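1. just need the structure, nothing else, for what follows:
(chains A and B)
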Amino acid sequence: MCAAASGEEQERARARQPVRERERGHLRFLTCGSVDDGKSTLIGRLLYDAKLLFEDHERALVRDSRRYGTTGDDLDFALLLDGLEAEREQGITIDVAWRFFATDRRAFIVADSPGHEQYTRNMAMAASTAAASPPIFSRFSFTIFSVL
Amino acid sequence: MKTEALKQALERHGFDAAIGGARRDEEASRAKERIFSLRNASHAWEPRSQRPEPWRLFNTRIRPGESMRVFPLSNWTELDIWDYIRAEQIPVVPLYFAAERPVVVRDGALIVVDDDRLPLAEGEVPEFRRVRFRTLGCYPLTGAIESDAASLDDIVAEMLAARTSERQGRLIDTDETASMERKKKEGYF
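-> Have a look, this model is predicted:
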(Lines give C-alpha, C1' and ligand atoms only; values in the text may rest on other atoms or scores of the structure.)
Protein backbone atom coordinates (compact mmCIF):
# COMPACT_ATOMS: atom_id res chain seq x y z
CA MET A 1 0.00 0.00 0.00
CA CYS A 2 1.25 3.48 -0.80
CA ALA A 3 1.55 5.45 2.40
CA ALA A 4 0.89 8.70 0.58
CA ALA A 5 -2.51 7.59 -0.71
CA SER A 6 -4.80 10.58 -0.73
CA GLY A 7 -7.91 10.73 1.39
CA GLU A 8 -9.99 10.40 -1.70
CA GLU A 9 -8.24 7.18 -2.70
CA GLN A 10 -8.71 5.73 0.76
CA GLU A 11 -12.36 6.61 0.61
CA ARG A 12 -12.59 4.89 -2.73
CA ALA A 13 -10.83 1.77 -1.48
CA ARG A 14 -13.26 1.63 1.43
CA ALA A 15 -16.20 1.87 -0.92
CA ARG A 16 -14.86 -1.12 -2.84
CA GLN A 17 -15.66 -3.45 0.03
CA PRO A 18 -19.19 -4.78 0.01
CA VAL A 19 -21.14 -2.27 2.03
CA ARG A 20 -22.70 -4.79 4.41
CA GLU A 21 -19.31 -6.23 5.28
CA ARG A 22 -17.84 -2.80 5.89
CA GLU A 23 -20.60 -1.64 8.17
CA ARG A 24 -21.06 -4.66 10.34
CA GLY A 25 -18.25 -7.12 9.79
CA HIS A 26 -18.90 -10.76 9.09
CA LEU A 27 -18.74 -13.51 11.63
CA ARG A 28 -17.54 -16.65 9.91
CA PHE A 29 -18.36 -19.86 11.73
CA LEU A 30 -18.61 -23.53 10.92
CA THR A 31 -20.33 -26.64 12.10
CA CYS A 32 -18.00 -29.41 13.04
CA GLY A 33 -18.60 -32.82 14.58
CA SER A 34 -19.23 -36.48 13.94
CA VAL A 35 -21.30 -37.81 11.07
CA ASP A 36 -25.07 -37.88 11.75
CA ASP A 37 -24.87 -35.61 14.80
CA GLY A 38 -27.18 -33.08 13.19
CA LYS A 39 -24.87 -30.34 11.96
CA SER A 40 -26.75 -29.60 8.74
CA THR A 41 -30.06 -30.06 10.51
CA LEU A 42 -29.02 -27.51 13.13
CA ILE A 43 -28.14 -24.83 10.60
CA GLY A 44 -31.21 -25.59 8.48
CA ARG A 45 -33.36 -25.31 11.59
CA LEU A 46 -31.66 -22.05 12.55
CA LEU A 47 -32.37 -20.53 9.14
CA TYR A 48 -35.95 -21.77 9.26
CA ASP A 49 -36.75 -20.65 12.79
CA ALA A 50 -35.11 -17.27 12.29
CA LYS A 51 -37.31 -16.78 9.19
CA LEU A 52 -34.27 -16.31 6.99
CA LEU A 53 -35.64 -18.49 4.19
CA PHE A 54 -37.40 -17.27 1.10
CA GLU A 55 -40.87 -18.62 0.38
CA ASP A 56 -39.79 -20.59 -2.68
CA HIS A 57 -37.01 -22.21 -0.64
CA GLU A 58 -39.53 -23.21 2.01
CA ARG A 59 -41.72 -24.76 -0.67
CA ALA A 60 -38.70 -26.64 -2.03
CA LEU A 61 -37.95 -27.90 1.48
CA VAL A 62 -41.42 -29.38 1.77
CA ARG A 63 -41.05 -31.02 -1.64
CA ASP A 64 -37.54 -32.32 -0.98
CA SER A 65 -38.44 -33.63 2.49
CA ARG A 66 -41.13 -35.75 0.92
CA ARG A 67 -38.70 -37.19 -1.59
CA TYR A 68 -35.42 -37.46 0.29
CA GLY A 69 -36.39 -36.86 3.91
CA THR A 70 -34.95 -39.02 6.67
CA THR A 71 -37.31 -37.67 9.33
CA GLY A 72 -40.62 -39.32 8.46
CA ASP A 73 -43.39 -36.82 7.83
CA ASP A 74 -41.44 -33.95 9.39
CA LEU A 75 -39.41 -31.41 7.47
CA ASP A 76 -35.81 -32.56 6.99
CA PHE A 77 -33.95 -29.32 7.63
CA ALA A 78 -30.62 -30.80 6.54
CA LEU A 79 -31.94 -30.69 2.97
CA LEU A 80 -31.62 -26.90 3.06
CA LEU A 81 -27.85 -27.42 3.17
CA ASP A 82 -27.22 -30.79 1.56
CA GLY A 83 -27.73 -29.62 -2.01
CA LEU A 84 -25.83 -32.31 -3.90
CA GLU A 85 -27.67 -35.27 -5.33
CA ALA A 86 -25.26 -37.76 -3.75
CA GLU A 87 -25.73 -36.11 -0.35
CA ARG A 88 -29.47 -36.38 -0.56
CA GLU A 89 -29.41 -39.96 -1.65
CA GLN A 90 -26.97 -40.99 1.07
CA GLY A 91 -28.37 -38.71 3.75
CA ILE A 92 -24.94 -37.29 4.63
CA THR A 93 -22.97 -34.11 3.95
CA ILE A 94 -20.09 -34.64 1.53
CA ASP A 95 -18.82 -31.15 0.91
CA VAL A 96 -19.06 -27.81 2.64
CA ALA A 97 -22.16 -25.67 2.06
CA TRP A 98 -21.64 -21.93 2.45
CA ARG A 99 -24.65 -19.98 3.64
CA PHE A 100 -24.99 -16.25 4.12
CA PHE A 101 -27.42 -14.47 6.36
CA ALA A 102 -27.66 -11.27 8.31
CA THR A 103 -29.42 -9.91 11.34
CA ASP A 104 -29.83 -6.24 12.17
CA ARG A 105 -26.55 -6.33 14.05
CA ARG A 106 -24.18 -8.31 11.86
CA ALA A 107 -23.74 -10.58 8.88
CA PHE A 108 -22.79 -14.24 9.09
CA ILE A 109 -21.13 -16.75 6.82
CA VAL A 110 -21.64 -20.31 7.97
CA ALA A 111 -19.71 -23.22 6.52
CA ASP A 112 -21.71 -26.38 7.11
CA SER A 113 -19.06 -29.06 6.99
CA PRO A 114 -19.17 -32.86 6.63
CA GLY A 115 -18.59 -35.19 9.56
CA HIS A 116 -17.81 -38.39 7.71
CA GLU A 117 -14.11 -39.20 8.09
CA GLN A 118 -13.72 -39.72 4.35
CA TYR A 119 -14.44 -36.00 3.86
CA THR A 120 -12.36 -34.63 6.71
CA ARG A 121 -10.30 -32.56 4.29
CA ASN A 122 -13.42 -30.61 3.37
CA MET A 123 -14.14 -29.96 7.04
CA ALA A 124 -10.54 -28.82 7.56
CA MET A 125 -10.90 -26.39 4.69
CA ALA A 126 -14.07 -24.95 6.20
CA ALA A 127 -12.29 -24.56 9.54
CA SER A 128 -9.45 -22.65 7.88
CA THR A 129 -11.85 -19.87 6.90
CA ALA A 130 -13.86 -19.69 10.12
CA ALA A 131 -13.48 -17.73 13.32
CA ALA A 132 -15.74 -19.84 15.55
CA SER A 133 -17.67 -23.07 15.82
CA PRO A 134 -20.60 -23.92 18.08
CA PRO A 135 -20.02 -27.23 19.86
CA ILE A 136 -22.20 -29.95 18.43
CA PHE A 137 -22.84 -33.01 20.51
CA SER A 138 -25.46 -35.23 19.02
CA ARG A 139 -29.01 -34.20 19.82
CA PHE A 140 -28.05 -31.90 22.68
CA SER A 141 -26.82 -29.39 20.13
CA PHE A 142 -30.25 -27.81 19.84
CA THR A 143 -30.27 -27.01 23.53
CA ILE A 144 -26.78 -25.57 23.41
CA PHE A 145 -27.60 -23.34 20.49
CA SER A 146 -30.66 -21.93 22.16
CA VAL A 147 -28.55 -21.04 25.22
CA LEU A 148 -26.02 -19.24 23.00
CA MET B 1 -25.82 -21.57 -24.69
CA LYS B 2 -23.92 -21.73 -21.43
CA THR B 3 -23.16 -25.41 -22.01
CA GLU B 4 -22.58 -26.36 -25.64
CA ALA B 5 -21.53 -22.98 -27.02
CA LEU B 6 -19.28 -22.47 -24.00
CA LYS B 7 -17.59 -25.84 -24.41
CA GLN B 8 -16.97 -25.19 -28.11
CA ALA B 9 -15.47 -21.78 -27.48
CA LEU B 10 -13.23 -22.98 -24.66
CA GLU B 11 -11.95 -25.88 -26.72
CA ARG B 12 -11.41 -23.87 -29.85
CA HIS B 13 -9.20 -21.36 -28.08
CA GLY B 14 -7.73 -23.76 -25.53
CA PHE B 15 -8.53 -21.58 -22.50
CA ASP B 16 -7.36 -22.87 -19.12
CA ALA B 17 -9.93 -20.91 -17.16
CA ALA B 18 -13.14 -18.96 -17.61
CA ILE B 19 -14.25 -16.38 -15.06
CA GLY B 20 -17.90 -16.22 -14.09
CA GLY B 21 -20.10 -14.24 -11.72
CA ALA B 22 -21.90 -17.10 -9.97
CA ARG B 23 -22.40 -16.76 -6.22
CA ARG B 24 -22.84 -19.37 -3.52
CA ASP B 25 -26.01 -17.76 -2.20
CA GLU B 26 -27.82 -18.35 -5.48
CA GLU B 27 -28.58 -22.03 -5.28
CA ALA B 28 -27.95 -25.12 -3.14
CA SER B 29 -25.38 -26.82 -5.38
CA ARG B 30 -23.57 -23.58 -6.07
CA ALA B 31 -23.30 -23.19 -2.31
CA LYS B 32 -20.95 -26.17 -2.48
CA GLU B 33 -18.76 -25.07 -5.34
CA ARG B 34 -15.16 -23.94 -5.05
CA ILE B 35 -13.93 -20.51 -6.10
CA PHE B 36 -11.54 -22.27 -8.51
CA SER B 37 -13.81 -25.00 -9.80
CA LEU B 38 -12.06 -27.79 -11.68
CA ARG B 39 -13.73 -29.26 -14.77
CA ASN B 40 -12.58 -32.52 -16.33
CA ALA B 41 -11.67 -33.03 -19.98
CA SER B 42 -15.35 -33.20 -20.94
CA HIS B 43 -16.04 -29.96 -18.99
CA ALA B 44 -17.99 -31.76 -16.28
CA TRP B 45 -18.05 -30.59 -12.66
CA GLU B 46 -17.28 -33.46 -10.28
CA PRO B 47 -18.70 -32.35 -6.94
CA ARG B 48 -17.37 -35.39 -5.11
CA SER B 49 -13.77 -34.69 -5.90
CA GLN B 50 -13.38 -30.97 -5.39
CA ARG B 51 -9.99 -29.65 -4.34
CA PRO B 52 -9.78 -28.12 -0.88
CA GLU B 53 -9.10 -24.39 -0.78
CA PRO B 54 -7.71 -23.89 2.73
CA TRP B 55 -6.90 -20.33 3.83
CA ARG B 56 -7.87 -19.14 0.37
CA LEU B 57 -4.96 -21.00 -1.18
CA PHE B 58 -5.88 -22.12 -4.65
CA ASN B 59 -4.47 -25.08 -6.52
CA THR B 60 -4.63 -23.99 -10.13
CA ARG B 61 -2.69 -26.86 -11.68
CA ILE B 62 -4.57 -28.67 -14.40
CA ARG B 63 -3.86 -31.71 -16.51
CA PRO B 64 -4.13 -31.59 -20.31
CA GLY B 65 -7.76 -31.15 -21.35
CA GLU B 66 -8.95 -29.99 -17.93
CA SER B 67 -10.04 -26.43 -17.31
CA MET B 68 -11.36 -24.24 -14.54
CA ARG B 69 -14.35 -22.07 -13.91
CA VAL B 70 -13.40 -19.27 -11.57
CA PHE B 71 -15.96 -17.46 -9.42
CA PRO B 72 -14.37 -14.49 -7.65
CA LEU B 73 -17.72 -13.30 -6.31
CA SER B 74 -18.56 -16.64 -4.67
CA ASN B 75 -19.00 -15.15 -1.21
CA TRP B 76 -20.95 -12.05 -2.22
CA THR B 77 -24.68 -11.95 -1.67
CA GLU B 78 -27.33 -10.48 -3.94
CA LEU B 79 -27.43 -7.47 -1.64
CA ASP B 80 -23.65 -7.01 -1.79
CA ILE B 81 -23.86 -6.87 -5.57
CA TRP B 82 -26.44 -4.10 -5.61
CA ASP B 83 -24.76 -2.21 -2.78
CA TYR B 84 -21.56 -2.24 -4.80
CA ILE B 85 -23.28 -1.17 -8.01
CA ARG B 86 -24.84 1.70 -6.10
CA ALA B 87 -21.60 2.70 -4.34
CA GLU B 88 -19.60 2.71 -7.57
CA GLN B 89 -22.41 3.93 -9.83
CA ILE B 90 -21.82 1.01 -12.22
CA PRO B 91 -24.06 1.10 -15.29
CA VAL B 92 -26.45 -1.86 -15.57
CA VAL B 93 -28.77 -2.89 -18.37
CA PRO B 94 -32.23 -1.25 -18.28
CA LEU B 95 -34.03 -4.61 -17.94
CA TYR B 96 -33.16 -4.53 -14.21
CA PHE B 97 -35.32 -1.41 -13.79
CA ALA B 98 -39.11 -1.40 -13.81
CA ALA B 99 -40.90 -0.28 -16.96
CA GLU B 100 -44.10 -1.03 -18.85
CA ARG B 101 -43.33 -4.12 -20.92
CA PRO B 102 -45.47 -6.58 -22.92
CA VAL B 103 -45.70 -9.89 -21.06
CA VAL B 104 -47.45 -13.25 -21.22
CA VAL B 105 -47.97 -15.51 -18.21
CA ARG B 106 -46.59 -19.04 -18.56
CA ASP B 107 -46.51 -21.54 -15.69
CA GLY B 108 -46.88 -18.63 -13.31
CA ALA B 109 -43.85 -16.81 -14.76
CA LEU B 110 -44.06 -13.42 -16.45
CA ILE B 111 -42.31 -13.82 -19.79
CA VAL B 112 -41.52 -10.61 -21.61
CA VAL B 113 -42.41 -10.66 -25.29
CA ASP B 114 -39.48 -9.20 -27.15
CA ASP B 115 -39.07 -10.76 -30.57
CA ASP B 116 -39.89 -13.88 -32.60
CA ARG B 117 -37.74 -16.11 -30.37
CA LEU B 118 -40.91 -16.38 -28.33
CA PRO B 119 -43.64 -17.87 -30.51
CA LEU B 120 -46.98 -17.06 -28.92
CA ALA B 121 -49.28 -19.96 -28.16
CA GLU B 122 -52.77 -19.88 -29.57
CA GLY B 123 -54.93 -17.45 -27.64
CA GLU B 124 -51.97 -15.79 -25.92
CA VAL B 125 -52.21 -12.01 -26.03
CA PRO B 126 -49.35 -9.97 -24.57
CA GLU B 127 -50.47 -7.40 -22.02
CA PHE B 128 -48.52 -4.44 -20.68
CA ARG B 129 -47.40 -4.65 -17.07
CA ARG B 130 -44.87 -2.77 -15.01
CA VAL B 131 -42.09 -5.34 -14.60
CA ARG B 132 -38.35 -5.72 -14.16
CA PHE B 133 -35.85 -8.57 -14.00
CA ARG B 134 -34.25 -9.44 -10.70
CA THR B 135 -31.94 -11.85 -12.50
CA LEU B 136 -31.19 -12.27 -16.18
CA GLY B 137 -30.72 -15.72 -17.68
CA CYS B 138 -31.31 -17.20 -21.08
CA TYR B 139 -34.16 -15.64 -23.06
CA PRO B 140 -37.02 -16.56 -22.89
CA LEU B 141 -36.43 -18.76 -19.84
CA THR B 142 -36.28 -16.05 -17.21
CA GLY B 143 -39.42 -14.66 -15.64
CA ALA B 144 -39.79 -10.98 -14.78
CA ILE B 145 -41.28 -9.68 -11.53
CA GLU B 146 -43.95 -7.04 -11.09
CA SER B 147 -42.20 -4.04 -9.64
CA ASP B 148 -42.10 -0.27 -9.40
CA ALA B 149 -38.36 -0.19 -8.66
CA ALA B 150 -36.97 2.28 -11.15
CA SER B 151 -33.74 3.28 -9.37
CA LEU B 152 -30.89 1.55 -7.53
CA ASP B 153 -32.28 2.74 -4.19
CA ASP B 154 -35.67 1.25 -5.09
CA ILE B 155 -34.06 -2.05 -6.06
CA VAL B 156 -32.17 -2.36 -2.78
CA ALA B 157 -35.31 -1.47 -0.81
CA GLU B 158 -37.33 -4.03 -2.77
CA MET B 159 -34.71 -6.71 -2.16
CA LEU B 160 -34.66 -6.10 1.58
CA ALA B 161 -38.41 -6.67 1.68
CA ALA B 162 -38.45 -9.61 -0.75
CA ARG B 163 -40.07 -12.87 0.33
CA THR B 164 -38.93 -14.86 -2.67
CA SER B 165 -35.43 -15.71 -3.80
CA GLU B 166 -33.51 -14.11 -6.60
CA ARG B 167 -33.56 -17.15 -8.85
CA GLN B 168 -37.24 -17.85 -8.44
CA GLY B 169 -37.77 -16.55 -11.97
CA ARG B 170 -35.21 -18.89 -13.50
CA LEU B 171 -37.15 -21.73 -15.03
CA ILE B 172 -33.89 -23.63 -15.54
CA ASP B 173 -33.51 -24.14 -11.76
CA THR B 174 -36.90 -25.53 -11.07
CA ASP B 175 -37.08 -28.28 -13.69
CA GLU B 176 -36.58 -30.61 -10.77
CA THR B 177 -34.44 -31.07 -7.71
CA ALA B 178 -30.69 -30.82 -8.35
CA SER B 179 -31.18 -29.61 -11.91
CA MET B 180 -28.40 -27.05 -11.59
CA GLU B 181 -25.97 -29.71 -10.41
CA ARG B 182 -26.89 -31.94 -13.34
CA LYS B 183 -26.35 -29.12 -15.79
CA LYS B 184 -22.94 -28.44 -14.28
CA LYS B 185 -22.06 -32.09 -14.71
CA GLU B 186 -22.90 -31.63 -18.40
CA GLY B 187 -20.56 -28.68 -18.62
CA TYR B 188 -22.82 -25.73 -17.74
CA PHE B 189 -20.91 -22.70 -16.51
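
2. from here on, just use CA atoms for contacts and neighbour counts.
-> Noted.

3. and the pLDDT for the residue lying closest to residue B:164 once chain neighbours are set aside?
-> When the adjacent residues along the chain are set aside, residue B:164 lies closest to residue A:54, with 4.7 Å between them (C-alpha to C-alpha, 6 or more residues apart in numbering or on different chains). Per-residue pLDDT puts residue A:54 at 88.

4. now residue 105. Its backbone dihedrals?
-> In the absence of a named chain, this looks at chain A. Main-chain torsions, residue A:105, degrees, to the nearest 10: phi -90, psi -30.

5. chain B was what I was after
-> phi -100, psi 120.

6. that one against residue B:111, yeah?
-> Yes: at 6.1 Å, residue B:105 counts as touching residue B:111 under the criterion of C-alpha atoms under 8 Å.

7. and chain B, which residues reach chain A?
-> B:24-25, B:28-29, B:31-32, B:47-48, B:52-56, B:76-77, B:80-81, B:83-84, B:87-88, B:162-165, B:168, B:177-178, B:181 (C-alpha under 8 Å from any C-alpha of the partner chain).

8. narrow those to those in strands?
-> Of the residues of chain B next to chain A, none are assigned to strands by DSSP state E.

9. over to residue B:136: give its phi and psi.
-> phi -120, psi 120.

10. wait, doesn't it sit right on residue B:142?
-> Yes: contact criterion C-alpha under 8 Å: residue B:136 and residue B:142 qualify, at 6.4 Å.

11. these two: which has the busier surroundings?
-> residue B:142 (22 against 18; other C-alpha atoms under 10 Å in any protein chain shown).

12. who's that one bridged to?
-> Per DSSP bridges, the residues bridged to residue B:142 are residue B:170.

13. same check, this time on residue B:69
-> Under the criterion used (DSSP bridges), residue B:69 bridges to residue B:18, residue B:37.

14. assign the most centrally placed residue in chain B to helix, strand or coil.
-> Taking C-alpha atoms, centre = their mean, the centroid of chain B lies closest to residue B:137, which sits 5.5 Å from it. Following DSSP: H, G, I helix; E, B strand; the rest coil, we place residue B:137 in the coil state.

15. how close does it sit to residue B:143?
-> 9 Å (C-alpha to C-alpha, to the nearest Å).

16. and what of residue B:129?
-> From residue B:129 to residue B:143 the distance is 13 Å (C-alpha to C-alpha).

17. same question for residue B:9.
-> 28 Å.
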